[in-house]
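J.: Quick check, what structure comes out for this input:
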Amino acid sequence: MNAIELRASLGLAGIYALRMLGMFLILPVFALYANTLQGAGNHTLIGIALGSYGLTQALLQLPLGMLSDRIGRKKVIYGGLLLFAIGSFVAAGATDITTLTLGRVIQGAGAISAAITALLADLTREENRTKAMAMIGMSIGTTFAVSLVAGPVLAKYIGVNGIFALTGLLSLAALIGVWLIIPDPSVSRFHSETEANTKRLPAVLKNSQLLRLNYGIFALHAAQMAMFVTIPFALIKTGHLDKSQHWQVYLPVTVIGFILMVPAIIYGEKKARLKPVFIGAIALMTAAQLGMALALDSFWQIVGWLSLYFIAFNILEATLPSLISKIAPADAKGTAIGVYNTAQSFGLFLGAAAGGWLYGHYGPAGVFGFTSLLMLSWLIWSFGMQPPKAVRSVMYHIGETWQGNADLLSQQLAGIAGVHEAVVVKEDRVAYLKVSQQQWDETEVRRLIDATF
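T.: Numbers count the residues shown, from 1 in each chain. Sure, this is the predicted structure:
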């Protein structure tokens with residue numbers, strides 16, 4: 001990476017992390033806090049307040065990504081960060097559950113994920129884009145783990161309303177960071193690997209392999225939000241822990257999850273055994289949900305099952321995007337990711353709302369019965385998944401003035417040893433390839449690409 005690419009990648013990853021910090025920090029303490037507000041006697045309302053962020057995210061992230069193609073990336077990002085800050089300050093000042101929900105809705109309306117990745121694509125060359133996207137992915141995972149530990153501690157010292165105010169300030173700081181740190185792209189164009197293309201939506205939505213993964217991310221995050229409507233109360237009841245001490249549970253289980261995730265991912269990718277690792281993680285997740293449904297009166301059993309949950313969760317969070325990349329058509333990766341992210345956001349909303357309703361009517365057992373069914377249905381459906389090919393995605397720029405035959409060049413590239421799929425998109429000025437992870441003739445690919453200039 002050159003200096004501009006590194007600056008853009010680190011800057012946008014940091015801005016993404018600041019924004020995600022605002023969402024994750026309140027997760028372990030939200031239900032306990034919302035339960036103290038006026039009008040929150042109904043747990044369904046607590047669940048809706050927690051999940052309402054995901055609803056507006058799901059509805060707006062694809063449209064706002066497309067809007068960034070028309071009016072500019074930074075304008076959409078500025079607007080989204082400002083909305084997130086306004087929503088945070090509304091939530092910080094809330095004294096009743098309705099105002100808190102309104103704040104969460106406004107926060108979610110700042111759906112800038114697609115605009116950030118599109119700006120990153122504008123600012124990086126094709127050969128470095130995968131590394132840049134990986135930086136954002138790492139920032140999200142790190143932020144989630146830090147937030148589970150930091151949230152309860154911050155709640156002790158500044159309160160949950162203070163956390164909301166802090167996230168509002170962080171959002172404004174991120175806005176200033178976009179202005180001062182992130183370069184303006186010299187050329188801004190549509191990128192098939194990061195943005196949704198409405199013309200490719202039918203192919204993505206009809207792909208049964210992608211549908212399995214979309215249901216998976218929906219179920220995974222629906223179960224997560226339903227759990228966090230329940231787990232904080234269970235830790236207080238069984239472990240007699242104040243909410244400020246919950247980090248003592250979350251810290252070791254998240255660390256264990258991260259440590260044990262790494263060898264599983266390496267084994268799956270290097271040995272082309274991603275499907276068994278993936279299904280094994282879903283089975284472990286199913287067992288963890290069933291275990292918690294049966295162990296809600298035992299603090300140490302809850303901790304044990306939470307440890308297994310985070311091992312499975314981290315493996316699935318890491319493998320799902322990789323599977324999307326391997327399975328999606330080479331020229332529709334951005335569309336597939338857009339649908340995937342939308343399914344995830346709907347899972348956040350529906351899981352929290354369902355978890356709140358079930359907790360109010362059937363108690364914790366009802367919540368974990370629901371999450372167990374979600375995981376079991378995903379496990380059953382996943383057995384029909386085709387083993388993903390051991391491929392990775394690469395991109396090559398084909399020149400700004402190239403006027404050749406895209407179909408012919410695609411066929412020529414696809415005929416090279418180790419190339420599984422090749423699509424040249426003239427509008428993007430990019431050749432999208434899926435190549436063998438073990439061996440492929442990169443020299444011949446580069447020679448053919450260079451010959452087109």
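J.: What is the burial count for M385?
T.: By other Cβ atoms under 10 Å, 18 other residues sit near M385. Every residue, glycine included, has its C-beta placed from N, CA and C.
J.: hang on, I meant G65
T.: Other residues within reach of G65, judged by other Cβ under 10 Å, total 25.
J.: before we move on, what about T238?
T.: Neighbour number of T238 under other Cβ under 10 Å is 17.
J.: Figure out the helix or strand that it lives in.
T.: For T238, the host element (DSSP states H and E) is helix 208-239.
J.: in the stretch 351-453 of the chain, which spans are strands?
T.: 391-397, 419-425, 430-436 (DSSP state E, counting those that start in this stretch).
J.: Go through the last one and flag the buried ones.
T.: When you say that, I think you mean strand 430-436. 430-435 (16 or more other Cβ atoms under 10 Å).
J.: What of the first one?
T.: Judged by neighbour count using 16+ other Cβ under 10 Å, the buried positions of strand 391-397 are 391-396.
J.: buried residues in stretch 89-107?
T.: 89-92, 94, 97, 99-107.
J.: That stretch spans what distance, first to last residue?
T.: 9 Å (Cα to Cα, to the nearest Å).
J.: now it, how far from the centre of its chain.
T.: Centre-to-centre, stretch 89-107 and its host chain are 23 Å apart (Cα atoms, centre = their mean, to the nearest Å).
J.: model confidence over it, on average?
T.: Stretch 89-107 shows a mean pLDDT of 95.
J.: give the contact list for I112.
T.: Applying Cβ atoms under 8 Å, 6 or more residues apart in numbering, we find I112 in contact with 19, 61, 64, 76-77, 80-81.
J.: per-domain residue ranges of the chain.
T.: When the chain is parsed with automatic domain parsing, its domains come out as 1-195, 197-388, 391-450.
J.: Distance across the last one, terminal residue to terminal residue?
T.: Taking Cα to Cα as the measure, domain 391-450 stretches 23 Å from start to finish.
J.: and what of the second one?
T.: The straight-line separation of the ends of domain 197-388 (Cα to Cα) is 24 Å.
J.: and the longest helix for this structure?
T.: helix 126-180 (DSSP state H).
J.: Just say helix, strand or coil for the spatially most central residue of the chain.
T.: Note on the chain: the residue nearest the mean C-alpha position is N341, at 6.4 Å, using Cα atoms, centre = their mean. Secondary structure, DSSP: H, G, I helix; E, B strand; the rest coil: N341 is helix.
J.: picking up where we left off before, quick check: angle from the longest helix of the chain to helix 208-239?
T.: Orientation of helix 126-180 against helix 208-239 (axes from the mean of the first three to the mean of the last three Cα atoms, to 10 degrees) gives an angle of 50 degrees.
J.: contact partners of the helix or strand just after helix 126-180?
T.: Proceeding N to C from helix 126-180, the next assigned helix or strand is helix 201-206, under DSSP H and E. Residues from elsewhere that reach helix 201-206, judged by Cβ under 8 Å, 6+ apart: 210-211, 328-329, 332, 335-336, 339.
J.: so where's the chain uncertain?
T.: Along the chain, segments meeting pLDDT under 70 span 452-453.
J.: just to revisit the earlier point, now the strands of the stretch 351-453 of the chain in TSV, with distance to L170?
T.: Converted to TSV, those look like this (distance: least, Cβ to Cβ, whole Å):
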stretch	distance to L170
strand 391-397	32
strand 419-425	37
strand 430-436	34
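J.: Nearest to N128 among those would be which one?
T.: The minimum distance between N128 and the strands of the stretch 351-453 of the chain falls on strand 391-397, with 9.7 Å, by Cβ to Cβ.
J.: For that closest one, which strands pair with it and how are they oriented?
T.: When sheet partners are counted by DSSP bridges, strand 391-397 sits next to strand 430-436 (antiparallel).
J.: does A196 really touch P63, like I thought?
T.: No. Judged on Cβ atoms under 8 Å, A196 makes no contact with P63 at a distance of 9.5 Å.
J.: coming back round to it: and the strands of the stretch 351-453 of the chain: which comes nearest V303?
T.: With Cβ to Cβ, the closest approach to V303 among the strands of the stretch 351-453 of the chain belongs to strand 391-397: 37.6 Å.
J.: Take the buried residues of strand 430-436 and write them to JSON lines, including distance to V249.
T.: Formatted as JSON lines, these follow (distance: Cβ to Cβ, whole Å):
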{"residue": "V430", "distance to V249": "47"}
{"residue": "A431", "distance to V249": "49"}
{"residue": "Y432", "distance to V249": "44"}
{"residue": "L433", "distance to V249": "45"}
{"residue": "K434", "distance to V249": "42"}
{"residue": "V435", "distance to V249": "44"}
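J.: All set now, cheers.
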